[in-house]
Every structure is written in C-alpha cells, then in structure tokens.
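Q: got a sequence here, can you build the structure:
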Amino acid sequence: MCGIVGYAGEDEATPILLHGLERLEYRGYDSAGIAVRKKELEPMIMKSEGKLINLIKKTENGKLLVGNSGIGHTRWATHGLPTETNAHPHYSDDYNVIGVHNGIIENYQELKEKLVNNGYKFYSETDTEVLIKLIDYYYKKYKKGPIDAINKTMVRARGSYALAIIFKDYPDEVWFAKKGSPLIIAKGEKGCFLASDVPAILNYSNKVYYVDDLECGVITKKHVIFYDLNGDDITDEKELVTIDWNSTAGDKGKYPYFMAKEMVEQPEVIKNTIDAYVKDYKIDFEQCGITNEYLKSLDAIYIYACGSAYHAGMIGQYLIENLTGINARVELASEFKYRNYRLREKALAVFISQSGETKDTHEALLKCKQLGIKTLAVCNVKGSTITRDADFNIYTYAGPEIAVATTKAYSCQLIIMYLLAIKISFVKQVFDYETLKGYLDEIKSIPSKVQSIIDNRYQMQHLAARFVAKHDVFFIGRGIDYCLCMEGSLKFKEITYIHSEAYAAGELKHGPISLIQEGVAVVAVATQPDLLEKSVSNMTEVKSRKGSVVAVTTEDNELEKDSKYQIYVPSITHLFTPSLTIIPLQLLAYYTSLGKGIDPDKPKNLAKSVTVE
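A: Coordinates of the predicted model:
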C-alpha cells in the first residue's frame with residue numbers, strides 16, 4: 001500500500017528520499033511528504049496533497065530541505081481523507097518523535113483514547129499519528145530510549161506496520177520497526193537506506209536485509225543495527241540478500257509509461273522464466289527443493305491468490321485438472337482464511353503473489369501451515385515475506401514491475417502454472433517423454449509468438465479508439481478462455497474506469513444476456529477447439545441483440561462471419577493460448593486508457609502491493 005523511505009549518510013537526504021518515493025509511487029499517490037534533519041538542528045517537514053510531483057515542486061526539487069538524514073512517504077489513504085493534514089510524516093506535539101508508516105493499526109481508537117487521557121491532542125484523522133504519539137508517550141514515560149519505546153508500542157499496537165522514525169535526541173539516525181508490512185534495509189558506500197520495496201534503493205545498493213516481524217533497529221551513516229522484542233542486538237543473525245535486478249530495471253527508459261515498458265518486456269521475461277526451469281527437455285524444480293518423488297505423492301493441489309494472481313491460479317487449476325488427473329482447487333486468498341473446508345493431507349498449497357507481500361495471501365499460507373499442509377510460493381521477489389514462510393519457492397523472473405496493473409508478472413506466473421502441471425503429469429506417468437517434448441516445444445515458442453503480437457501492437461490502438469466512449473464491456477469465454485477473460489476484464493476496468501464484467505459464455509442465457517443491447521461491446525475469446533462451435537453460438541446470440549462482438553482467437557480459426565472485429569494470435573496448443581490471448585487484451589486496456597486521458601500506471605484508488613486485509 002503506502003511507500004516509505006529513509007536515509008542516513010553523508011549526502012543530502014532530500015534528493016535520495018524524493019528519488020526513492022518516485023520509485024515507490026505505485027504503492028500510493030494520494031499525498032506525499034518528507035522530513036529531513038541536519039545534525040542537531042530541528043527537522044524540516046514538508047507535505048503535499050496529490051501526486052508526488054506536487055511535493056517535488058513544493059520543495060523546489062528538494063532545494064528547500066537541507067540535511068543528511070530523513071524519512072519520506074507516499075500515501076494510499078486508509079484512515080482519513082487524502083489531505084495535506086493527513087499526509088505523512090506525522091509528529092508528536094513537540095516534534096520529539098516524527099514518523100512515517102505503511103499499514104493499518106486496528107486498535108488505534110483504543111490507543112487514541114489512552115493518549116487523550118494522558119494529555120495528547122490530535123490534528124489528523126490517521127492511525128499513524130496515534131502510533132507516533134504512542135512511541136512518544138512510552139519514550140517520555142519510561143526514559144529508556146528508542147528501543148524500549150518502539151518495542152512497547154509494537155506489543156500494544158494491533159495490525160500491520162512498517163515504521164521509519166526520527167527521534168529529536170538522536171540526530172543523524174533513522175529508526176525502524178516492522179510487523180506485517182514489508183521493509184528492507186540496505187547499506188551503501190555513503191550511507192544506509194530503508195524502504196518498502198527494492199526499486200527505491202537499487203541506485204545505491206543491491207544488497208538488502210529483510211526486516212522480520214517484531215524487529216526494530218536503526219540506520220546511521222555507517223551502521224545498521226537490528227534488535228528483537230527483548231531489546232537484544234541480533235544484527236549478526238541477519239542475512240544479507242543480493243538482488244539480481246539492475247538499477248535501470250525500475251526506470252521507464254524510452255517509454256511514456258511503465259505499463260508500456262512492462263508489456264514490451266514480456267517476451268524477454270517469459271523466456272527468462274522458462275530458461276530458469278527448463279533444461280533441454282527436463283523441467284527442473286529440484287533446485288527449489290521439490291523432488292519428483294514428492295510430486296508423485298500428491299493427490300491434490302490447492303491454489304490461493306488475489307487479483308491477477310488469482311486469475312493465473314484459475315488457469316493453473318484448469319491445467320492441473322486436465323493434465324494430471326488429480327484434484328485442483330483455486331480460492332481467493334482473502335476468502336480462504338474464513339472458510340472451514342477440509343484439506344487433504346497429501347496436498348500441496350500453492351500461493352501466487354508478484355510482490356510476496358500480499359497480506360491476504362500470506363494469511364492463507366499461515367493457515368495452511370497450521371493445518372500441516374506443505375506450501376509453495378510462486379513469487380517474483382526473493383526474500384519477501386511469503387517466500388520466507390513457504391516450504392518451497394518457485395520464482396518468476398519478471399524483474400521489477402512498477403505499473404499497478406500487472407502484465408509481465410502475470411505472464412510469468414502462467415508459465416510456472418504450465419510447467420508445474422506438466423511436471424506433475426510426467427512424474428505421475430500420465431503421458432510419455434515424446435508428449436513432454438511436444439509440450440515444452442510449444443512453451444519455448446511462446447516468447448517469439450508474444451513478440452509478434454507486440455510488434456503489431458499499434459493495430460490495437462485503432463480498435464481501442466472504438467472503446468473509449470463505451471459504458472459497458474463484457475468478456476466471454478468457455479473453459480480456459482473464461483479464466484483468461486477474468487484477467488482481461490480486470491485489466492480493462494482497472495485502468496479505463498469503464499464498467500467491465502467477465503462471464504462464462506454458457507452463462508449468458510442465465511441472466512447476463514438481458515444487458516446486451518445496441519452499442520454494448522462483447523469481447524469473445526474463442527481458442528478451444530472442442531468448444532469453438534458453442535463459442536460461435538454465443539457470439540451469434542450477442543449479434544442478434546445488436547451487441548458489437550470482438551472475437552479473439554488463433555490464426556487457424558476464421559470468425560469474420562461471426563464477429564464485427566477480429567483479433568488473431570499465433571496458433572499454439574490450446575492449453576497455452578492464455579499466454580498469447582492476454583497480450584491484445586492488455587494492449588486494448590492500455591490504449592483505451594490513453595484515449596480517455598488516464599494515467600495507466602496509477603489508476604485511482606488502487607495500489608500495487610496490498611499489504612493490508
């Protein structure tokens with residue numbers, strides 16, 4: 001959700017903080033603020049409503065704030081309106097404690113009453129102000145220093161948080177604490193850094209520490225120190241992780257938007273993900289600790305995810321059921337925590353998350369571990385919370401994804417779903433080696449086929465122009481195409497703000513067809529050979545009610561008679577068509593967004609990494 005940064009070192013802090021916030025703005029862009037300090041002088045705080053550019057202008061590109069340590073924040077509003085008053089940093093009445101926060105404090109009203117009873121006053125509507133003033137309260141009451149005050153606050157506050165804090169009595173230091181929300185620490189040549197996510201610090205260091213829950217610590221010009229809840233120094237126990245993303249991976253480069261860049265990168269990152277696990281004609285998951293014997297023993301697969309990752313999981317369910325013959329079930333992670341169905345003992349629970357920090361998905365993982373089920377994370381970020389708690393990890397190789405609407409990470413997740421289904425099938429001897437080779441040849445062809453679609457992407461711009469004025473768009477498909485439509489519809493509504501729904505095409509007659517009328521656009525995905533005739537019948541139903549049908553299919557089909565517009569993708573085994581059909585749907589959403597004058601990277605009310613329930 002929100003993004004936080006911190007720096008203590010030799011250089012001017014403001015440019016570093018603003019740069020970090022630029023890299024984290026995908027986490028929230030309702031407001032932004034920074035606090036900077038120069039040695040023993042009073043901290044300077046500046047905040048602004050709206051996108052980060054407003055803060056950059058207000059600080060005159062950072063020239064108005066001078067100091068060598070500081071903290072910053074870009075906000076996705078949860079408690080209180082997105083106003084300058086509610087923007088972070090927040091501070092105690094005498095500026096003794098100043099802090100920024102990512103997360104939600106669930107018992108903030110209870111804590112606020114306690115503080116009011118002890119003479120504190122409040123200027124904002126936020127839970128963060130309560131948290132900062134609670135630290136101040138414990139700091140002054142017990143007079144034992146920052147470690148004690150932070151730890152007492154962590155014990156008392158319920159919810160999730162990543163905190164960066166400045167204490168008046170400790171110039172040139174930035175303190176931190178974490179529970180439930182992501183936080184990384186990095187050490188550079190001229191200082192130390194903290195941030196919510198890796199892209200914020202890649203220009204300065206690619207070696208990071210991941211802060212664990214209920215840990216706190218401090219960064220200075222030369223040192224990073226970690227403490228546990230007992231106040232003991234645990235720095236020697238922390239592992240330094242190398243991030244294999246280069247510093248330009250989080251830049252837009254020549255592209256106007258991150259989403260454009262990330263869509264174009266898909267052939268490369270899909271190939272990287274395939275190459276990581278496919279050696280000649282062997283799928284190697286043993287590097288992930290997943291042996292053939294273990295896969296052979298499975299009798300069920302449970303998949304948990306949210307948003308686009310859930311849609312990748314739906315396709316995974318379809319493939320596992322159809323290829324392996326074992327039971328597969330996909331669930332929204334946000335719902336699973338409150339369900340009470342029985343899990344099989346010989347099952348594997350798979351958790352899909354781009355960031356590895358999705359709160360709902362992590363909660364589902366913890367529930368499965370409590371139930372004694374082995375867990376597998378399919379994730380894009382090494383060392384993230386979900387990957388640290390999972391029994392096994394299969395990483396995607398999408399690189400940093402900045403745009404809120406996922407494209408390349410989703411495409412890489414599909415590849416892992418394909419490979420997992422094929423691998424399980426092969427070790428269970430569902431098919432022979434020649435069939436395995438045939439499937440892998442098809443998968444290896446995906447990057448070049450995706451590239452061919454992207455090379456012709458400007459054709460989608462002309463079609464998108466016809467969608468700009470639409471009020472309703474429906475996506476329909478059958479079988480695996482329906483799973484794909486779920487993602488196409490989500491992508492469209494996320495960044496165009498046009499009402500969009502996905503339906504299993506066979507369900508049209510059970511209600512949704514009443515909404516079809518002249519001018520309503522229906523995107524019909526039809527790639528499955530055994531379902532093609534029925535899909536064409538559904539298109540005819542739409543046409544007969546004057547709906548405008550856009551058919552998405554493979555080159556070996558001819559649907560000119562059955563639709564007003566056609567989008568053809570290269571032919572491929574029907575199991576893997578989602579990797580190709582999703583590309584034009586991403587492009588359709590992107591160009592429609594541009595046609596409406598919307599920034600596709602930063603859709604309203606959304607944030608990239610959802611770290612609260």
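Q: ok, residue 219 touching residue 185?
A: Yes. Using Cβ atoms under 8 Å, residue 219 is in contact with residue 185, at 6.4 Å. Using the backbone N, CA and C atoms, a C-beta is placed for each residue, glycine as well.
Q: which neighbours do the two have in common?
A: Between them, residue 219 and residue 185 share these contacting residues under Cβ atoms under 8 Å, 6 or more residues apart in numbering: 176, 192-194.
Q: phi, psi of residue 351?
A: The phi/psi pair for residue 351 (degrees, to the nearest 10) reads phi -120, psi 120.
Q: that one - how many residues pack around it?
A: Number of residues near residue 351 (other Cβ atoms under 10 Å) recorded here: 28.
Q: how close does it sit to residue 392?
A: 10 Å (Cβ to Cβ, to the nearest Å).
Q: find residues that contact each of these two.
A: 375-377.
Q: in CSV, list these along with pLDDT and secondary structure.
A: CSV is the format used below for these (pLDDT from 0 to 100; DSSP: H, G, I helix; E, B strand; the rest coil):
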residue, pLDDT, secondary structure
375, 98, strand
376, 98, strand
377, 98, strand
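Q: most surrounded residue in the shared contacts of residue 219 and residue 185?
A: residue 194 (31 neighbours).
Q: hmm, residue 8 and that residue touching each other?
A: No. Counting by Cβ under 8 Å, residue 194 sits too far from residue 8 to count as a contact (9.0 Å).
Q: overlap in contacts of the two?
A: Contacts common to residue 194 and residue 8, judged by Cβ under 8 Å, 6+ apart, are 174, 219.
Q: tell me what the helix ranked longest in the chain is packed against?
A: In the chain, with assignment by DSSP state H, the single longest helix is helix 408-427. Contact partners of helix 408-427 among helices and strands, from 3 or more Cβ pairs under 8 Å, 6 or more residues apart in numbering; DSSP states H and E: helix 266-277, strand 282-283, helix 292-297, helix 307-324, strand 374-379, helix 433-444, helix 578-595.
Q: so which of those gets nearest residue 29?
A: Nearest to residue 29, of all the helices and strands packed on helix 408-427, is helix 578-595, at 15.7 Å by Cβ to Cβ.
Q: quick one: list the elements packing against the closest one.
A: Using 3+ Cβ pairs under 8 Å, 6+ apart, helix 578-595 sits against helix 258-264, helix 408-427, helix 446-455, helix 458-464, helix 480-496, strand 521-525, strand 548-554, strand 565-569.
Q: show me what counts as buried in it.
A: 578-595 (16 or more other Cβ atoms under 10 Å).
Q: hmm, back to that, got CSV for the helices and strands packed on helix 578-595, with mean neighbour count too?
A: Formatted as CSV, the helices and strands packed on helix 578-595 follow (neighbours: other Cβ atoms under 10 Å):
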stretch, mean neighbour count
helix 258-264, 23
helix 408-427, 25
helix 446-455, 18
helix 458-464, 15
helix 480-496, 25
strand 521-525, 27
strand 548-554, 23
strand 565-569, 19
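Q: would JSON lines of those with mean pLDDT and distance to residue 435 be doable?
A: Formatted as JSON lines, the helices and strands packed on helix 578-595 follow (pLDDT from 0 to 100; distance: least, Cβ to Cβ, whole Å):
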{"stretch": "helix 258-264", "mean pLDDT": "96", "distance to residue 435": "32"}
{"stretch": "helix 408-427", "mean pLDDT": "98", "distance to residue 435": "8"}
{"stretch": "helix 446-455", "mean pLDDT": "98", "distance to residue 435": "18"}
{"stretch": "helix 458-464", "mean pLDDT": "90", "distance to residue 435": "35"}
{"stretch": "helix 480-496", "mean pLDDT": "97", "distance to residue 435": "19"}
{"stretch": "strand 521-525", "mean pLDDT": "94", "distance to residue 435": "26"}
{"stretch": "strand 548-554", "mean pLDDT": "93", "distance to residue 435": "21"}
{"stretch": "strand 565-569", "mean pLDDT": "94", "distance to residue 435": "24"}
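Q: out of those, flag the one nearest residue 205.
A: Comparing the helices and strands packed on helix 578-595 by Cβ to Cβ, helix 258-264 comes nearest, at 22.0 Å.
Q: tell me which other helices or strands that closest one touches.
A: Counting by 3+ Cβ pairs under 8 Å, 6+ apart, helix 258-264 packs on helix 578-595.
Q: report the angle between the helix it packs on and helix 408-427.
A: 170 degrees (axes from the mean of the first three to the mean of the last three Cα atoms, to 10 degrees).
Q: ok now helix 578-595, how far from the chain's centre?
A: Remark: helix 578-595 is offset 19 Å from the chain centroid, using Cα atoms, centre = their mean, to the nearest Å.
Q: same question for stretch 357-367.
A: 13 Å.
Q: which parts of it are buried?
A: 357-365, 367.
Q: so which of those sit within helices?
A: Using DSSP H, the buried residues of stretch 357-367 in helices are 359-365, 367.
Q: can you show me the strands along the stretch 151-300 of the chain?
A: Assigned by DSSP state E, counting those that start in this stretch, the strands in the stretch 151-300 of the chain fall at 159-167, 174-179, 184-187, 191-195, 207-210, 215-219, 224-227, 241-242, 278-279, 282-283, 300-305.
Q: pick out the shakiest of those strands, pLDDT-wise.
A: When these are ranked by mean pLDDT, strand 241-242 comes last with a mean of 86.
Q: contacting residues around that strand?
A: 206-210, 382-383.
Q: what strands line up against it, and which way round?
A: If you go by DSSP bridges, strand 241-242 pairs up with strand 207-210 (antiparallel).
Q: got the CA coordinates for the partner strand in CSV?
A: Taking C-alpha atoms only, strand 207-210 is exported to CSV below (Å, rounded to 0.1, in the frame of the first residue of the first chain):
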residue,chain,number,x,y,z
LYS,A,207,22.3,-6.0,-1.1
VAL,A,208,19.5,-5.8,1.4
TYR,A,209,18.4,-7.1,4.7
TYR,A,210,14.7,-8.1,5.2
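Q: list the buried ones in it?
A: Those would be 208-210, for strand 207-210 by 16+ other Cβ under 10 Å.
Q: starting at the chain centroid, how far to that strand?
A: With Cα atoms, centre = their mean, you get 19 Å for strand 207-210.
Q: sorry, back to before: okay, the helices and strands packed on helix 578-595 in TSV with distance to residue 402 next?
A: Shown next, in TSV, are the helices and strands packed on helix 578-595 (distance: least, Cβ to Cβ, whole Å):
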stretch	distance to residue 402
helix 258-264	4
helix 408-427	11
helix 446-455	18
helix 458-464	22
helix 480-496	14
strand 521-525	27
strand 548-554	27
strand 565-569	26
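Q: among these, which is nearest residue 282?
A: Closest among the helices and strands packed on helix 578-595, using Cβ to Cβ: helix 408-427, at 9.5 Å.
Q: now that closest one - C-alpha only, PDB.
A: The C-alpha trace of helix 408-427 is given here as PDB (Å, rounded to 0.1, in the frame of the first residue of the first chain):
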ATOM      1  CA  LYS A 408       4.700  -9.200 -17.300                       C
ATOM      2  CA  ALA A 409       4.400 -10.700 -13.800                       C
ATOM      3  CA  TYR A 410       1.100 -12.300 -14.700                       C
ATOM      4  CA  SER A 411       2.600 -13.700 -17.900                       C
ATOM      5  CA  CYS A 412       5.400 -15.300 -15.900                       C
ATOM      6  CA  GLN A 413       3.000 -16.800 -13.400                       C
ATOM      7  CA  LEU A 414       1.200 -18.500 -16.300                       C
ATOM      8  CA  ILE A 415       4.500 -20.100 -17.300                       C
ATOM      9  CA  ILE A 416       5.000 -21.500 -13.900                       C
ATOM     10  CA  MET A 417       1.500 -22.900 -13.900                       C
ATOM     11  CA  TYR A 418       2.100 -24.600 -17.200                       C
ATOM     12  CA  LEU A 419       5.400 -26.100 -16.100                       C
ATOM     13  CA  LEU A 420       4.000 -27.300 -12.700                       C
ATOM     14  CA  ALA A 421       1.100 -29.100 -14.400                       C
ATOM     15  CA  ILE A 422       3.300 -30.700 -17.000                       C
ATOM     16  CA  LYS A 423       5.900 -31.800 -14.400                       C
ATOM     17  CA  ILE A 424       3.300 -33.400 -12.100                       C
ATOM     18  CA  SER A 425       1.700 -35.200 -15.100                       C
ATOM     19  CA  PHE A 426       5.000 -36.500 -16.300                       C
ATOM     20  CA  VAL A 427       6.200 -37.800 -12.900                       C
END
